[in-house]
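Undergrad: sharing a sequence plus its predicted fold:
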Amino acid sequence: MKKVVPVLIVIAAAAIVIGVFYVGTRNSLIRADENIGAAWSEIDNQLQRRSDLIPNFVNTVKGYAAHEEQLFTEIARARAQLAGGGTVEEKAAGYNAMESALSRLLVIVEQYPELKADANFTALQDELAGTENRIAVARNRYNGEVRAFNTRIRTFPGSLFAGGLGFAPRPYFEIQERARELPQVEF
């Protein structure tokens, strides 16, 4: 009996240490997952803000360049794709489509000096630029949270428990390579 008690104490102590280790790792993974959700929410808010600005921006440009109907239709389609996206990948695809359409719209704007001088257009362009900056900051924050989370679930000790707890790597919110190219402006 005297030999059994120390063995039971060691087993109990090991179980407590493992339990504390498990709970600490689980809580850490949950916090990281929640941080990703909060960062994504900020991206979603800014994308919605931009989506709300686009119709006013397009309507202002339409007054000067009504013959660009195909581009306006493409912008409307991209806006619908962005608003309808549920996953990060779908939102990123909508974002990329919107970026492409807006860059072509800005090329058209360059051909209309009177439009660039319009006070309403200038104010909308400033708001849109500010929103784009907020989206870039939010995307950077989100991708940082995803990187930290993905690293945590792939390294020890998170890798021991992540799969069993239902945690899987999260996708980054990335822009397409062609969106990095500057649009060509010709006069």
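TA: Alright, I've got the coordinates. Numbers count the residues shown, from 1 in each chain.
Undergrad: figure out how far the lowest-mean-pLDDT helix or strand in the chain is from the centre of its chain.
TA: One helix or strand of the chain scores below all others by mean pLDDT, DSSP states H and E: helix 113-117, with a mean of 84. Helix 113-117 has its C-alpha centroid displaced from the chain centroid by 33 Å (Cα atoms, centre = their mean, to the nearest Å).
Undergrad: buried set for that helix?
TA: For helix 113-117, burial by neighbour count (16 or more other Cβ atoms under 10 Å) applies to Leu115. Heads up, the C-betas are built off the backbone N, CA and C, glycines and all.
Undergrad: mean confidence for whichever strand or helix holds Ala93?
TA: Per DSSP states H and E: Ala93 is located in helix 88-109. For helix 88-109, mean pLDDT rounds to 89.
Undergrad: mind listing residues that contact that helix?
TA: Applying Cβ atoms under 8 Å, 6 or more residues apart in numbering, the set of residues contacting helix 88-109 from outside is 40, 43-44, 47, 50, 54, 57-58, 61, 65, 68, 71, 74-75, 77-79, 81-85, 115-116, 121, 128, 135, 170-176, 178-179, 183-185.
Undergrad: do the same with stretch 68-80
TA: With Cβ under 8 Å, 6+ apart as the test, stretch 68-80 has contacts from 51, 54-55, 58, 61-62, 94, 97-98, 100-102, 104-105, 108.
Undergrad: let's test this: mean pLDDT of that stretch, rounded?
TA: Averaging pLDDT along stretch 68-80 gives 89.
Undergrad: please point out which parts of it sit buried.
TA: Glu68, Leu71, Phe72, Glu74, Ile75, Ala78, Arg79.
Undergrad: send me the least confident helix or strand of the chain as CSV with only the CA atoms.
TA: Provided in CSV are the C-alpha atoms of helix 113-117 (Å, rounded to 0.1, in the frame of the first residue of the first chain):
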residue,chain,number,x,y,z
PRO,A,113,-11.2,66.9,-66.8
GLU,A,114,-14.6,68.5,-66.0
LEU,A,115,-15.5,65.4,-64.0
LYS,A,116,-12.3,65.6,-62.0
ALA,A,117,-13.2,69.2,-61.2
